[in-house]
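Q: Let me see the structure of the following:
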Amino acid sequence: MKKILKISIVLLIIATATFTIQHFLFSNASSEAGVLISSKVTKDTLSTTISCTGNLEPVDEVEVGTQVSGDINKLFVDYNSTVKKGQILAMLDKSKLQSAVYQAKIAYASAKNDYEYDTSVYNRTKKLAETNSASTSELEKAKYDMEAAKLNVEKSKSDVSQAQLDLSYCNIKSPIDGIVLERDVDVGQTVSASTSAPTLFILARDLTQMQLLAAVDEADIGSVKKGQRVSFTVDAFLNDLFKELSKKFV
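A: Below you'll find the model as predicted:
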């Protein structure tokens, strides 16, 4: 009986310990798992987002420069000014180029005078050569001088046209209808037309037509396909998500 009693006590202790351990483990697991929630399975679309940065620019943008050097004498437009094609945006000082036109006209008049004189000499020499009163070499020399004078007239005439063209370039005109985005000159500033014309103004044809120039990472560019939906934000409206250009943004 004592042996059976001892075995019963041991079994009771083991059962009690087992129950206590199981209760402790399962009660903790249940509290950590929380409440089970069930939901109906639905079909949805998975999307991958690629983030990049870029600049929003007009589709048609034109840089306006100058083909002649000089000082800015007058400015007729400023930032955000609406301009028409052929409208004068700025004017350079014309004094030097007006002097160049005057000198070219004087040279042209002198060349014409020389040509008329050499032509009369040639005609006289030709008549004298017909009566053997002038040698063949004299006739050839007179003809050479006349033709050289004629070429000099043509050159002088071209110089006048070029000088007048340079003078017209003092009026810097708009090549398109649009709006002034940037003005990089002020009155009194000297601009130099060297191998590359300096940029004085930047014009946009239509601000309702814009393009986003974004720098997409090389690892992501393969995922970009034509026709995919694009959205973007701008610093001016951080809380707004743009999917197309709107009048609000412009």
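Q: Which strand residues bridge the residue nearest to the spatial centre of the chain?
A: The centre of the chain sits closest to residue 61, judged by CA atoms, centre = their mean, with a distance of 5.5 Å. Note on residue 61: beta-bridge partners by DSSP bridges are residue 204.
Q: Tell me the confidence at residue 2?
A: Looking at residue 2, its pLDDT reads 66.
Q: Enumerate every residue touching the residue nearest to the centre of the chain.
A: The neighbourhood of residue 61, defined by CB atoms under 8 Å, 6 or more residues apart in numbering, consists of 181, 202-205. For the C-beta atoms, the positions are set from N, CA and C on the backbone; glycine is no exception.
Q: so where's this protein shaky on pLDDT?
A: Within the chain, the stretches with pLDDT under 70 are 1-13, 15-35, 195-197, 244-250.
Q: Please, where are all the strands along it?
A: Assigned by DSSP state E, the strands in the chain fall at 53-58, 61-65, 70-75, 82-83, 88-92, 171-173, 178-183, 190-191, 199-204, 210-215, 232-234, 237-242.
Q: What are the buried residues along the first one?
A: Buried residues in strand 53-58, counted by 16 or more other CB atoms under 10 Å: residue 58.
Q: and if you look at the fifth one?
A: By neighbour count with 16+ other CB under 10 Å, strand 88-92 contains the buried residues 89-92.
Q: Just the CA trace of that strand, in CSV.
A: Output of strand 88-92 as CSV, limited to C-alpha atoms (Å, rounded to 0.1, in the frame of the first residue of the first chain):
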residue,chain,number,x,y,z
ILE,A,88,11.7,93.8,-80.7
LEU,A,89,12.9,92.4,-77.4
ALA,A,90,16.0,94.6,-76.9
MET,A,91,18.1,97.1,-78.8
LEU,A,92,21.9,97.4,-79.0
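Q: Is there a neighbour count for residue 212? I'd like the number.
A: Around residue 212 there are 14 other residues, counting by other CB atoms under 10 Å.
Q: And the one 3 residues further on, by the same measure?
A: Here the count is done by other CB under 10 Å, and residue 215 has 10 residues near it.
Q: Equivalent analysis for residue 83, please.
A: Each residue near residue 83 was counted by other CB under 10 Å, and the total is 21.
Q: From residue 64, how far off is the residue nearest to residue 242 when sequence neighbours are not counted?
A: Closest residue in space to residue 242, ignoring its immediate chain neighbours: residue 232 at 5.5 Å, by CB to CB, 6 or more residues apart in numbering. Distance, residue 232 to residue 64, using CB to CB, to the nearest Å: 29 Å.
Q: Out of the strands of the chain, flag the one nearest residue 145.
A: Of all these, strand 70-75 sits nearest to residue 145, with 39.1 Å by CB to CB.
Q: Which strands or helices does the closest one pack on?
A: Secondary-structure packing of strand 70-75 (3 or more CB pairs under 8 Å, 6 or more residues apart in numbering; DSSP states H and E): strand 88-92, strand 190-191.
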